[in-house]
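Enquirer: 3D model of this:
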Amino acid sequence: FFFSSSGQLTMASHHQVSVDTPVLAVDAREAFSGLTETERLYAHYIAQASFEGSKICLFQCSWESPALFVLFQACFLGESSTAKYRQKCLEKGIAKEQFDAAVAYFATFLSNMGNYKSFGDAKFVPGVDVDTFTAILSTSSGFTEGMAALWESIKERVFSTDKELLSLGFQPNGVTTYFTSNCVQEDAVTVQGVLDQKGFAAYNTRLRKTAEGNFEVMVASAEVTEEVVLSEAPNIKAVYGDHAVFMQRVVSNLEEAKKNAANDTQVAMLTKYIESFQTGSLDAHKDGSRHWVKDKGPVIESYIGFIETYRDPYGSRGEFEGFAACVNKETSKKFAALVDSAESILPMLPWPAVYEKDKFLQPDFTSLEVIAFGSSGIPLGINIPNYDDIRQDEGFKNVSLGNVLRARLRFSDSEDVAFLHSDDQVLYKATALEAFDVQVGLHELLGHGSGKLFAEDDAGKKNFPDGVENPLDKAQGVQSWYKAGETWDSKFPGIGSSYEECRAECVGIFLCVQPSVLKIFGFEGDRADEIMYINWLHMVRAGVLALEFYKPGQGISGWGQAHMMARFSILQVLLEAGEDLVTIVPGSASNTVIRLDRSKILSVGVPAIGAFLQKLQVYKSTADFAQGKQLYTRYATVPESMLALRDEVLARRKPRHIPVQHVTRNLAGTVELLSFPASLDGILDSFLARFDHVDQDLLAQWQSTQSEFV
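Expert: Below is the predicted model of the structure:
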């Protein structure tokens, strides 16, 4: 951190990238070595499609991100390697520390596919001044006159720490490129209402507002087809061909992957994905997802499309994401056992049976070794697809990203885990990985995979019986449900993603106290008690650390990360439970610690979480946005009394790990897996190997639309 003369953390330094940013290696070498050549080719082309599609994330992040990506390519490819570029800069009189600061910035930028953190949506800026950064760029032989002009056009925005540019969101509290810069939140509400009426999901779209005040729903597709009028008043039409060049690259690689598919189900899946990315049809992507759900136990697991809606401030538009991974059969056995036991575990959840799915459709649940993950970040676990009708009526899959999880939850013996008491340090460091494995399993399978949405179809037929009792108000009963065309994301705008993460996290800690559940993971007796305790302690600590992602003065809109908003809400529930279940003990010299009374988890903690979880589920099932938002706002609101703790969290925070991934290369039908050091240089060199030429098409797309998003 950098401090002003008064000792206060400055705004600019708070957002500067640290040269000490840790790097984790996503290592899949052992798993990849066991693949056949056909399986390697399949994984390679899925990886290529994923990484080419991930360039769309640049356009979904910020106005300047696509141009900054091209500048990185031009300057670093111009010097063949990061080490050679560093040496050239040193010979020009640039200090090593200054060049390393630029490397740290670009490594962080590439890992987030944009200059806003994928986990937190906060802007980050270089750790050197603009003149030094410019000198570093201009030293490269790739810094041509055209690149110099490009840099001149964006450098002020890259370095700006103006308040309205510090986070993603609707104006005036942030910036977003899911909407043209003349759109406001009310425009999103207006258009979403029409889309719901038409049954037109917004996952693969952006929104343009014309100078005349009309709206164009920009659909991602390789083909530029005829416009479709969605509404005359207000004037709304769908236009196709957004991100066309990247969608065509995705299609081309999926065509090659299809030639190496393992079975007819994968062929059918890829055929539908190709149709979706070619035409912009979300129905085709849903059909592809249906085939994907049926592809049980593949050697190579994958998924691709516009998936998570976390970064759209309205919560309806998906960020591009794609991955290829090997299934770890041995580690997957415990998840398979959890799936087999799911129907006996679900009744333990704190809501009536009618609020649960009519039939639990047993999904695949596998532990994966990630070969390639193209997006703005890599999660630890995933439950997909996100289409409510498919998840409820046809099924879903769960994946735990094992090599990512192992890399992220490693502690050295000497490392001090912030906010934990000395009594908890050793056990936490020894147990966190196993405890989090349990949490991921329960969160994904029985959190996201549980609960029914009460809905009515086009014909007026309901999927729930008349007279269903509302456990929160037995006299009134069920008064609301999802109408035709409405989805979870559209019905719970703004809070939907975080609310659902909170529900899934609550399911995890609620169920992890059950001996029968812990036994599935191989834990019994005292060890089971330790796993339960550390899982709850981890959640409490996460609730404190969440304050890093909150901006005061904006209410719940001040939250910049859905999962952390969820974890803070859970912390508030546990603090409200009282009886000293959770205490936050201030200390001198910024050494506050949290204490969790393990003897009261069952007697105080579980009932509190159970009551909260029941409300979350009932409001979700019944599409009761008003009550759901009121509940969630109550617990997600940060009281003024906790702002001092937030300051301490910021002062004690450490840079978040960023990953270095493999690169696959097809050499005349033989696929090799390239590995890179777990270092900032390694991240840059991996991107230079992955994208080995300056993407002029990317630059052309940015130049053709940039004036609308600035």
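
Enquirer: buried residues, stretch 149-161. List them.
Expert: 150-151, 154-155, 157-158, 160 (16 or more other C-beta atoms under 10 Å). Every residue, glycine included, has its C-beta placed from N, CA and C.

Enquirer: stretch 249-259 now?
Expert: Buried-residue list, stretch 249-259, by 16+ other C-beta under 10 Å: 249-254, 256-258.

Enquirer: ok, now stretch 221-230?
Expert: Result for stretch 221-230 [16+ other C-beta under 10 Å]: buried residues 221-222, 230.

Enquirer: and the nearest residue to residue 680 once chain neighbours are set aside, how far is that from residue 437?
Expert: Closest residue to residue 680 apart from its sequence neighbours, by C-beta to C-beta, 6 or more residues apart in numbering: residue 107 at 4.3 Å. Taking C-beta to C-beta, to the nearest Å as the measure, residue 107 falls 28 Å from residue 437.

Enquirer: try residue 105
Expert: On the measure of C-beta to C-beta, residue 105 and residue 437 end up 33 Å apart.

Enquirer: show me which of these two is the more surrounded one.
Expert: A side-by-side neighbour count of residue 105 and residue 437, using other C-beta atoms under 10 Å, places residue 105 first with 27 against 24.

Enquirer: got a list of what residue 375 touches?
Expert: By C-beta atoms under 8 Å, 6 or more residues apart in numbering, residue 375 lies in contact with 50, 54, 57, 113, 118, 319-323.

Enquirer: Throw those into CSV and include distance to residue 517, thanks.
Expert: Listed next are these as CSV, based on distance: C-beta to C-beta, whole Å:
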residue, distance to residue 517
50, 34
54, 36
57, 36
113, 37
118, 31
319, 32
320, 35
321, 30
322, 32
323, 28
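
Enquirer: ok, and the most crowded of these?
Expert: Using other C-beta under 10 Å as the neighbour test, the contacts of residue 375 are led by residue 320, with 29 neighbours.

Enquirer: out of everything not next to it in sequence, what's closest to that residue?
Expert: Of all residues not flanking residue 320 in the chain, residue 56 sits nearest, at 4.2 Å (C-beta to C-beta, 6+ apart).

Enquirer: show me what contacts that neighbour?
Expert: Contact analysis of residue 56 by C-beta under 8 Å, 6+ apart lists 220, 243, 246, 320.

Enquirer: tell me which of these fall in strands.
Expert: Using DSSP state E, the subset of the contacts of residue 56 located in strands is 220, 320.

Enquirer: so which of the contacts of residue 56 is the most crowded?
Expert: Ranking the contacts of residue 56 using other C-beta under 10 Å puts residue 320 first, with 29 neighbours.

Enquirer: list the contacts for it?
Expert: By C-beta under 8 Å, 6+ apart, the contact list for residue 320 reads 53-54, 56-57, 60, 305-307, 374-375.

Enquirer: check residue 37 too.
Expert: Contacts of residue 37 by C-beta under 8 Å, 6+ apart are 669-671.

Enquirer: same check on residue 496?
Expert: 309, 315, 488-489.

Enquirer: distance of residue 324 from residue 98?
Expert: 37 Å.

Enquirer: pLDDT and distance to residue 76 added to the contacts of residue 56, as JSON lines?
Expert: Compiled in JSON lines, the contacts of residue 56 are given as follows (pLDDT from 0 to 100; distance: C-beta to C-beta, whole Å):
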{"residue": "220", "pLDDT": "98", "distance to residue 76": "28"}
{"residue": "243", "pLDDT": "98", "distance to residue 76": "24"}
{"residue": "246", "pLDDT": "98", "distance to residue 76": "21"}
{"residue": "320", "pLDDT": "98", "distance to residue 76": "23"}
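
Enquirer: would CSV of the contacts of residue 56 with distance to residue 276 be doable?
Expert: Formatted as CSV, the contacts of residue 56 follow (distance: C-beta to C-beta, whole Å):
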residue, distance to residue 276
220, 9
243, 13
246, 14
320, 12
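
Enquirer: ok, the contacts of residue 56 vs residue 176, which is closest?
Expert: Proximity of those to residue 176 (C-beta to C-beta) peaks at residue 320, which lies at 15.4 Å.

Enquirer: looking at strand pairing, list the partners for the closest one.
Expert: residue 306 (DSSP bridges).

Enquirer: quick one: neighbours of residue 79, just the number.
Expert: 19.

Enquirer: isn't it right next to residue 88, touching?
Expert: Yes. Proximity of residue 79 to residue 88 meets the contact threshold set by C-beta atoms under 8 Å, at 6.2 Å.

Enquirer: shared neighbours, those two?
Expert: Jointly contacting residue 79 and residue 88 under the rule C-beta under 8 Å, 6+ apart are residue 140.

Enquirer: circling back to that earlier point, the buried residues of stretch 249-259 in helices, which ones?
Expert: Using DSSP state H, the subset of those located in helices is 249-254, 256-258.
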